[in-house]
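**Student:** Can you look at this prediction? I've put the sequence above it.
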Amino acid sequence: MKDTENGYGGVSILLHWLAAITMIALFVLGQAAEDATDSDRKALLGLHISIAISMYLILVGRIGWRLFNGRPRVLIQQSKPLMLLAHWIPIILLAGLALMLLSGPIMVWSKGYPINIFGLISLPSPLGKMETLHEVMEVLHKLGAKLLFFAFALHMLGVLKHLIIDRDNTLKRMLVPSKKFSEK
């Protein structure tokens, strides 16, 4: 279950894919809500918000697990710019996600609305109606989405590079928990 020097354990793999699938679902729901009619928009945003709240647990889990486990070693050494990208892209992904997770609830609360989580829990607004704050949070939320999209695109390009050009086991390490992987 734990990560090793040579690869990721089951917990890291599960948290990675949960985060990826959740972020893609949130992006799709957010885009669909922008184009929806008012009645559909409310339902889509409600689902978007409920799923986003669950992302807090995934994010805390990922950060905590990474701090506890460290990182597996890099399979192949690459140029300094590529190594910098490999280091910073996950950080940019987490920063974009954190920006979204902070701005989202404040955006709802600054309209004076409660946050309803799957119709089970209601978190009342501690802010009341604050239109200027709402507008700032809307801008930050959109910025976070663009940051996430950009970092996600670079992440996918890196995956393709490792799969097609390097032909190493980098992708395999995120799919199958293993004790040891070879260099090539």
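**Tutor:** That came in fine, so what should we check first? Numbers count the residues shown, from 1 in each chain.
**Student:** Check which residues of the least confident helix or strand in the chain by mean pLDDT are buried.
**Tutor:** Using mean pLDDT, DSSP states H and E, the weakest-scoring helix or strand in the chain turns out to be helix 170-173, at a mean of 86. Within helix 170-173, the residues scored as buried using 16 or more other C-beta atoms under 10 Å are Thr170, Arg173. From N, CA and C alone the C-beta is placed, and that goes for glycine too.
**Student:** Now Leu75: closest residue in space that isn't a chain neighbour?
**Tutor:** Asp168 (4.9 Å; C-beta to C-beta, 6 or more residues apart in numbering).
**Student:** Where does that neighbour fall, secondary structure wise?
**Tutor:** Under the criterion DSSP states H and E, no helix or strand holds Asp168.
**Student:** That one and Ile76 touch, don't they?
**Tutor:** Yes - counting by C-beta atoms under 8 Å, Asp168 does reach Ile76; the two are 5.5 Å apart.
**Student:** if you count what's nearby, which of those two comes out ahead?
**Tutor:** Shown here are Asp168 and Ile76; by other C-beta atoms under 10 Å, Asp168 has more neighbours (18 against 13).
**Student:** Quick check: pLDDT value at that one.
**Tutor:** Per-residue confidence (pLDDT) for Asp168: 86.
**Student:** any idea how far Gln77 is from it?
**Tutor:** For Asp168, the distance to Gln77 equals 11 Å [C-beta to C-beta, to the nearest Å].
**Student:** Using PDB, write down the CA coordinates of the least confident helix or strand of the chain.
**Tutor:** Output of helix 170-173 as PDB, limited to C-alpha atoms (Å, rounded to 0.1, in the frame of the first residue of the first chain):
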ATOM      1  CA  THR A 170       6.200   6.100 -15.700                       C
ATOM      2  CA  LEU A 171       2.500   5.500 -16.700                       C
ATOM      3  CA  LYS A 172       2.600   1.900 -15.400                       C
ATOM      4  CA  ARG A 173       3.600   3.300 -12.000                       C
END
